[in-house]
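Participant: Predicted model and sequence below, questions to follow.
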Amino acid sequence: MILLVEDDDDDVFLMEFAMSKISDKPPMLRVSNGQEALDYLKGLDKYADRTVYPLPEIIFLDLKLPFVHGFEVLKWIKSQPALQDIHVTVITGSLEDVDREVALRLGANAFHSKPPETEFLRRVFTSMRDKSK
Amino acid sequence: MKTAAACKTNEDPFESLTNRYNAIIESSDDAIISKNLDGIIQSWNPAAQRIFGYAPEEAIGKPILMLMPPERENEEAAILERIRNGERIQHYETVRRRKNGSLVDISLSVSPLKDATGTVVGASKIARDITENVRIRKQLEQARSELDANTAELERRIKERTSSLNEAILQMQEFSYTVSHDLRSPVRAIKGYATAVLDMYLGRLDEKGIEHLNSIIRCSLRMEKLIRDVLTYSRINAAKSESVETNVEKVISETLLNYDEFKPSKLNVALQRPLLPVMANETFLIQSLANLLSNAVKFVAPGTAPKVEIWTERRGDRIRIFVKDNGIGIKKEHQGRIFGLFERAHQDKSYEGTGVGLAIARKSVEKMAGTIGIESDGINGCAFWIELASPTG
């Protein structure tokens, strides 16, 4: 499944719209800020119930997030041995080259500018499926 | 009165060497005083009277100590000691006291006086009044320390201003980054929702509905470009720029490759070789050329294939790069304004343009210490030019 970390509701719509064209897409859950993302992945509070809140195979991570910045979340994820196999794509409204460089250096598996494109998402899902086989 | 050349020995005005020496001492501007080894004054010339105030009868037979200010009394013992050893003292700067109690700065030279057997029997002191020298020296020191203080103050202010300036630039950068990011966000949403409606409700929309939705999308694209251009423009000031010798043809090739809108099928570029090298920053030169070429592509009469000619001309120690297009031209009355931000020479909606492109071109050129301009009759295209320093001078 996919964990979407995104604070802007309109950008959530654009992600869902892009995904709507893909027939066999994984289910997606959304958290609204960096702190919630960390809580989810750590299994804190309500997120402890992994039947309702499973660990994702794919994370779509926005950068400009309230409470904890996307880069901090990314750094944390990549420091956790249990989470190494998760495919993290940074999806951001930033046009800055430096953001792309930092994201890749911190270990992001991919980087994409908003809005997400259907073709790009399709490729991500296909490659994940191939990996798990 | 006979001149020195006409003097023969038997007509010597002084008649003897002794007289001559006396005259020299009497006429000297410097105080010439002699004393014995007990420090008692033996002789006193007129200059000594002038400088120290004592008449010869008030000085001769008196201890030379009377000339010492209280804090310098031990100098005399030190001087006598060296004299006894046959040493001389040269240009020693010190202070003495006049008859009226006032102090005078002097430069002192003291030599041992020897009798016929070579025994040191006393000292000859020559004292030059250096009050004026000392005064000038003090003035110089004061001027120097004022200068140093001023320089330090100036440097402090420059540091302050530079740091304020850097602070302002940094704030501007952060501001423009934040503003552009926050402005782009809703624009992306507008474009996204319009696209989604078009996609999801296509079958249920009439022609007008579809047209309006397309207009929303078109306007939001324009807004996105505008925001990007304004961000680029605001960034140019803060960017560092160093000019190096640059191969113009290489930069043009680079520019044509970087942008899809300049590929051969969309824009015909003819180079008149050789293209002279210029002092430039590659990034800024590409940016300014790209904006000129972009104009060339956009502002053609409908149905015309855009074509551009590029050549260079030497103007003294500067080189002008010309970019001439076959477009609709810009009238003379508009030419003054077109490099300004958000200025457009053509309000006609059929010609896209955000009004920022030429402003970006101008700022980039200015960053390279260059100038930009245009020649156009308003009908037969524009010949834009960028003038930069020549590497060969």
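Facilitator: Noted; the coordinates are in hand. Residues are numbered from 1 along each chain as shown, chains lettered A, B, ... in the order given.
Participant: Now residue B:278: phi and psi?
Facilitator: phi -130, psi 160 (degrees, to the nearest 10).
Participant: Spatially nearest residue to it (excluding sequence neighbours)?
Facilitator: residue B:388 (4.1 Å; CB to CB, 6 or more residues apart in numbering or on different chains). Just so you know, the C-beta spots here come from the backbone N, C-alpha and C atoms, and that holds for glycine as well.
Participant: And for residue B:80?
Facilitator: Here the residue nearest residue B:80, using CB to CB, 6+ apart, is residue B:39, at 6.2 Å.
Participant: Residue B:91 should be in a helix, yeah?
Facilitator: No. Counting by DSSP: H, G, I helix; E, B strand; the rest coil, one finds residue B:91 to be strand, located in no helix.
Participant: got a list of what the nearest residue to residue B:52 once chain neighbours are set aside touches?
Facilitator: In space, and not counting its chain neighbours, residue B:52 is closest to residue B:98: 5.4 Å by CB to CB, 6+ apart. If you count contacts by CB atoms under 8 Å, 6 or more residues apart in numbering or on different chains, residue B:98 has them with B:51, B:52, B:53, B:104.
Participant: residues contacting the first one?
Facilitator: When contacts are counted by CB under 8 Å, 6+ apart, residue B:51 is found next to B:31, B:98, B:104, B:106, B:127, B:129.
Participant: which of those residues are buried?
Facilitator: Buried members of the contacts of residue B:51, scored by 16 or more other CB atoms under 10 Å in any protein chain shown, are B:31, B:104, B:106, B:127, B:129.
Participant: And the last one, how far from residue B:141?
Facilitator: Distance from residue B:129 to residue B:141, counting by CB to CB, to the nearest Å: 20 Å.
Participant: what's across from the residue nearest to residue B:278 in the sheet?
Facilitator: Beta bridges link residue B:388 to residue B:319, judged by DSSP bridges.
Participant: just checking, it touches residue B:370?
Facilitator: Yes. With contact defined as CB atoms under 8 Å, residue B:388 reaches residue B:370; the gap is 4.2 Å.
Participant: Common neighbours of the two, please.
Facilitator: Common neighbours of residue B:388 and residue B:370 (criterion: CB under 8 Å, 6+ apart): residue B:280.
Participant: mind checking pLDDT for the one residue in chain A that gets nearest to chain B?
Facilitator: Closest residue of chain A to chain B, CB to the nearest CB: residue A:10 (3.7 Å). At residue A:10, the model reports a pLDDT of 93.
Participant: Likewise for residue A:133?
Facilitator: The model's pLDDT for residue A:133 equals 66.
Participant: Please name the residues that touch residue B:12.
Facilitator: Residue B:12 neighbours (CB under 8 Å, 6+ apart): residue B:20.
Participant: Next, find the distance separating it from residue B:19.
Facilitator: From residue B:12 to residue B:19 the distance is 9 Å (CB to CB).
Participant: do residue A:23 as well
Facilitator: Per CB to CB, residue A:23 is found 133 Å from residue B:19.
Participant: Nearest to chain A: which residue in chain B?
Facilitator: Closest point on chain B to chain A, by CB to the nearest CB, is residue B:189, at 3.7 Å.
Participant: ok, and that residue, which helix or strand is that part of?
Facilitator: helix B:131-200 (DSSP states H and E).
Participant: and that helix, what's its mean pLDDT?
Facilitator: Here the average pLDDT along helix B:131-200 is 89.
Participant: which stretches of the stretch 1-150 of chain B form helices?
Facilitator: Applying DSSP state H, counting those that start in this stretch to the stretch 1-150 of chain B gives helices spanning B:17-27, B:46-52, B:56-59, B:74-84, B:131-200.
Participant: For the third one, give the mean pLDDT please.
Facilitator: For helix B:56-59, the per-residue pLDDT values average out at 94.
Participant: Contact partners for the residue of chain B closest to chain A?
Facilitator: A:8, A:10, A:11, A:13, A:14.
Participant: So what touches the strand or helix carrying the last one?
Facilitator: Secondary structure assignment for residue A:14, by DSSP H and E: helix A:9-19. With CB under 8 Å, 6+ apart as the contact definition, helix A:9-19 has outside contacts at A:4, A:6, A:25, A:28, A:30, A:60, A:62, A:91, A:93, A:114-118, A:121, B:185-186, B:188-189, B:192-193, B:196, B:199.
Participant: Pull out the buried residues from those residues.
Facilitator: When those are checked for burial by 16+ other CB under 10 Å, the buried set is A:4, A:6, A:28, A:30, A:60, A:62, A:91, A:93, A:114-116, A:121, B:188-189, B:192-193, B:196.
Participant: what about residue B:304, how many residues close to it?
Facilitator: 11 (other CB atoms under 10 Å in any protein chain shown).
Participant: Find me whatever residue is spatially closest to it, sequence neighbours aside.
Facilitator: residue B:326 (6.6 Å).
Participant: Averaged pLDDT, the helix or strand where residue A:60 lies. What do you get?
Facilitator: If you go by DSSP H and E, residue A:60 is part of strand A:58-61. Averaging pLDDT along strand A:58-61 gives 96.
Participant: now swap in stretch A:95-112 and tell me
Facilitator: If you average the pLDDT over stretch A:95-112, you get 89.
Participant: CA-only coordinates of it, as CSV, when you get a sec.
Facilitator: Presented in CSV, the C-alpha positions along stretch A:95-112 are these (Å, rounded to 0.1, in the frame of the first residue of the first chain):
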residue,chain,number,x,y,z
LEU,A,95,11.3,23.8,-8.7
GLU,A,96,14.7,24.1,-6.9
ASP,A,97,17.5,21.9,-8.2
VAL,A,98,19.0,22.0,-4.8
ASP,A,99,15.9,20.3,-3.3
ARG,A,100,16.3,17.5,-5.8
GLU,A,101,20.0,17.1,-5.0
VAL,A,102,19.3,17.0,-1.2
ALA,A,103,16.5,14.6,-1.6
LEU,A,104,18.5,12.1,-3.6
ARG,A,105,21.5,12.5,-1.3
LEU,A,106,19.3,11.8,1.8
GLY,A,107,18.3,8.5,0.1
ALA,A,108,15.0,9.2,-1.8
ASN,A,109,14.4,6.6,-4.4
ALA,A,110,12.8,9.1,-6.8
PHE,A,111,12.0,12.8,-7.1
HIS,A,112,9.1,14.3,-8.9
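Participant: Need phi/psi at residue B:372.
Facilitator: Main-chain dihedrals, residue B:372, degrees, to the nearest 10: phi -130, psi 150.
Participant: If you drop the residues flanking it in sequence, what lies closest to it?
Facilitator: What sits nearest to residue B:372 in space, not counting adjacent residues and going by CB to CB, 6+ apart, is residue B:365, at 4.5 Å.
Participant: do the same with residue B:99
Facilitator: residue B:53 (3.2 Å).
Participant: Assess the claim that that neighbour and residue B:103 are in contact.
Facilitator: No. Counting by CB under 8 Å, residue B:53 stays clear of residue B:103, with 11.9 Å between them.
Participant: that older thread, do you know the pLDDT at the residue nearest to residue B:278?
Facilitator: Per-residue confidence (pLDDT) for residue B:388: 95.
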